[in-house]
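Asker: just coords:
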Ligand code: ADP
């Protein structure tokens, strides 16, 4: 690392490939690497979940930090590790009573939030804020602390009135998750009483860790320009639109990039065959065949000819799963399409999708769960990718699908609006079309967009052009990493 390099401390609650529940994990992996490639000196601070600790080989103890928890003082051991997937050191906050438990970082096996989440992420934030001030005397003090989502919202608040503190940047990956807790939690955690005001962290009788990030960070970013504008309106603001509007001077929309080394159809180790923009067909067909054969004992010519619609994602209302559920029976009746769907989330969606798959075993394929290889195989093997999110801060899957020659069908919102160009006569003509965009939030409009897509799918030359334009888009981090570096040094 060059002397004088910009020191940036990333603080986050997940990072691919160690622990990932969604797009946040991908970004917390790929953005700091993009910054590292541009000369920044990075540390990434993560909670010591059991699943994460298990994957660490060699660790060095940097020291111990004692901070206030819900019942008294909590002691955290800070571990440093060099993991082969990371080009910079990881700092892990090892605090067994809070993080050493099986399962998901945020919810228990029943899908309920861990009851001590307020304490878990308040302690994590207190420790991160201390590390940001080199409380362990390591001799590494960041110029910038970059925090992500509600789990780290308190870090900026703890740092705000410290002398000679680093600059704080808070990124909202999804405003729908506010980190809301009670006044009782606020008191038990002994959070500073001046914070308890509408201008501070107070929110509808409780407090919001996300709001803390927005109020106290020096700069707030979100993950696409359109979402940055949308969250300042009541329809997308989750009650924080007024606050965000008043902070527009420090709010920036910076589009996420994707990791083009991991998501690359010509090298992806999860794929049975590789392909590239100049030679799509044979490789992509083999991916489709393999994907179909996973669910159909024999995928015949008719199955190969019929369009295969894919979906990967969290099964929650945000993702328009109810529209998908309503659209599938219509598609089954009116077209020869098949659907392959991978996801997990709300039980009611999981059950309804599973039932649909049981009713139509040779046309609807559903896998409930989290499966990284299958996610890649669907991106590559499907003909069309469905992503009808009601709102979408950025969305990564539509960018993966573009890169894999699988044109997406998306609702015109947030990052989807910023990354997909609707196929119209004009955009097909000037070769700027990359997918299918609908702009009325209902099933009817969604179905119309799918029908438009299926019509074009029957025109191989046009379709190939659409695929190639999508594959040509550069969604790598180069532009966005530059925007973050510029913001850090403002
Ligand atoms: P969000 O962050 O809202 O979940 P994104 O599209 O930004 O949505 O990112 C989702 C990421 O999580 C993608 O990398 C996607 O492939 C992955 N993903 C979501 N659900 C699953 C699943 N069930 N199995 C494997 N990967 C998944």
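Answerer: Nice, thanks for sending it over. It should be emphasised that the depicted structure is a prediction, and the values quoted were computed from it without experimental measurement.
Asker: how about the strands in the stretch 251-400 of the chain?
Answerer: All strands of the stretch 251-400 of the chain, identified by DSSP state E, counting those that start in this stretch, fall at 251-253, 308-315, 338-345, 364-368, 384-387.
Asker: and residue 131, which of these is closest to it?
Answerer: Nearest of these to residue 131, taken as Cβ to Cβ: strand 251-253 at 25.1 Å. To be clear about C-beta, it is placed using only N, CA and C from the backbone, and glycine gets the same treatment.
Asker: quick check: mean pLDDT of the closest one?
Answerer: Averaging pLDDT along strand 251-253 gives 98.
Asker: just checking, what packs against that strand?
Answerer: On a contact count with 3 or more Cβ pairs under 8 Å, 6 or more residues apart in numbering; DSSP states H and E, strand 251-253 meets strand 219-222, helix 225-230.
Asker: the same query, at a cut-off of 10 Å, please.
Answerer: Where contact means 3 or more Cβ pairs under 10 Å, 6 or more residues apart in numbering; DSSP states H and E, strand 251-253 is packed against strand 167-172, strand 219-222, helix 225-230, helix 414-419, helix 478-488.
Asker: distance between that strand and the chain's centre?
Answerer: Mean-position distance between strand 251-253 and its chain equals 17 Å (Cα atoms, centre = their mean, to the nearest Å).
Asker: how about residue 256, what does it touch?
Answerer: Residues counted as contacts of residue 256 (Cβ atoms under 10 Å, 6 or more residues apart in numbering) are 23, 26-27, 30-31, 171, 173, 222-224, 393-396, 399, 415, 418-419, 475, 477, 480.
Asker: related to what we said a few turns ago, now the strands of the stretch 251-400 of the chain in TSV, with distance to the ligand and mean neighbour count?
Answerer: TSV is the format used below for the strands of the stretch 251-400 of the chain (distance: least, Cβ to the nearest ligand atom, whole Å; neighbours: other Cβ atoms under 10 Å):
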stretch	distance to the ligand	mean neighbour count
strand 251-253	15	20
strand 308-315	5	24
strand 338-345	5	22
strand 364-368	8	21
strand 384-387	7	26
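Asker: now distance to residue 61 too, for these, in a markdown table please.
Answerer: A markdown table is the format used below for the strands of the stretch 251-400 of the chain (distance: least, Cβ to Cβ, whole Å):
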| stretch | distance to residue 61 |
| --- | --- |
| strand 251-253 | 37 |
| strand 308-315 | 36 |
| strand 338-345 | 36 |
| strand 364-368 | 40 |
| strand 384-387 | 44 |
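Asker: and the closest residue to residue 236 other than its chain neighbours, how many neighbours?
Answerer: What sits nearest to residue 236 in space, not counting adjacent residues and going by Cβ to Cβ, 6 or more residues apart in numbering, is residue 230, at 4.0 Å. Residue 230 has 23 neighbouring residues, counting by other Cβ atoms under 10 Å.
Asker: try residue 347
Answerer: Neighbour count of residue 347, defined by other Cβ under 10 Å: 12.
Asker: and it, how far is that from the ligand?
Answerer: Residue 347 sits 15 Å away from the ligand, going by Cβ to the nearest ligand atom, to the nearest Å.
Asker: need the nearest residue in space to that residue, chain neighbours excluded.
Answerer: Excluding its sequence neighbours, the residue lying closest to residue 347 (Cβ to Cβ, 6+ apart) is residue 111, at 7.0 Å.
Asker: which residues does that neighbour contact?
Answerer: Counting by Cβ under 10 Å, 6+ apart, residue 111 makes contact with 104, 344-347.
Asker: would you map the helices across the stretch 1-150 of the chain?
Answerer: Taking DSSP state H, counting those that start in this stretch, the helices of the stretch 1-150 of the chain run over residues 23-37, 50-53, 96-99, 117-132.
Asker: out of the contacts of residue 111, who's nearest residue 408?
Answerer: When the contacts of residue 111 are compared against residue 408 (criterion: Cβ to Cβ), the nearest one is residue 345, at 19.5 Å.
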